[in-house]
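S.K.: structure of the sequence below:
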Amino acid sequence: MPEEDLLELKFRLLDGSDIGPFMYPPASTVAMLKERIVTEWPKDKKGGPKSANDIKLINAGKILENSKTVGQCRTPFGEELPKGVITMHAVVQMSLAKAKTEKKIDEAPKTVCACTIL
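M.R.: All right, here's what the predicted structure looks like:
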């Protein structure tokens, strides 16, 4: 594939650090990008994703769907801008089922005596 057809993407994390940039063909899916983020996630950062389903990718204010390709996600004004690195925001958001399970474990009842004798 010619070099000019590839898109250069980097992923901005919540703390402002970046993963990338990496070169991707326009036919790459959002799901493929999320898998790459999971493998490249810094090991020293807490709250990292367990799977690609825990990541939400945001580009130009829109949450990207897994089935869309990078070429479909490009913004219309991106065609007019000079070639450069496209920054997408990567937000870790665990699924509700996982979050509820972990919350139940954390909120186990604690036995505390609160008797008052007068």
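S.K.: burial measure for I55, as a count.
M.R.: 23 (other CB atoms under 10 Å). (C-beta placed from N, C-alpha, C; glycine too.)
S.K.: err, I117, not the other one
M.R.: I117 sits with 3 neighbouring residues when counted by other CB under 10 Å.
S.K.: quick check: which element contains it?
M.R.: Secondary structure assigned from DSSP states H and E places I117 in neither a helix nor a strand.
S.K.: tell me who's in contact with it.
M.R.: Going by CB atoms under 8 Å, 6 or more residues apart in numbering, I117 touches no other residue.
S.K.: separation between it and F22?
M.R.: Note on I117: its distance to F22, by CB to CB, to the nearest Å, is 67 Å.
S.K.: N59 now?
M.R.: Counting by CB to CB - N59 and F22 are separated by 15 Å.
S.K.: what's the answer for G84, then?
M.R.: Using CB to CB, which is the criterion applied here, G84 is 14 Å from F22.
S.K.: all the strands of this structure, residue numbers only.
M.R.: Applying DSSP state E to the chain gives strands spanning 7-12, 18-24, 55-59, 62-63, 85-92.
S.K.: so what touches the longest one?
M.R.: With CB under 8 Å, 6+ apart as the test, strand 85-92 has contacts from 7-14, 18-21, 33, 37, 47-49, 54-59, 64, 74, 78.
S.K.: comparing G84 and F22, which residue is more hemmed in?
M.R.: F22 (17 against 9).
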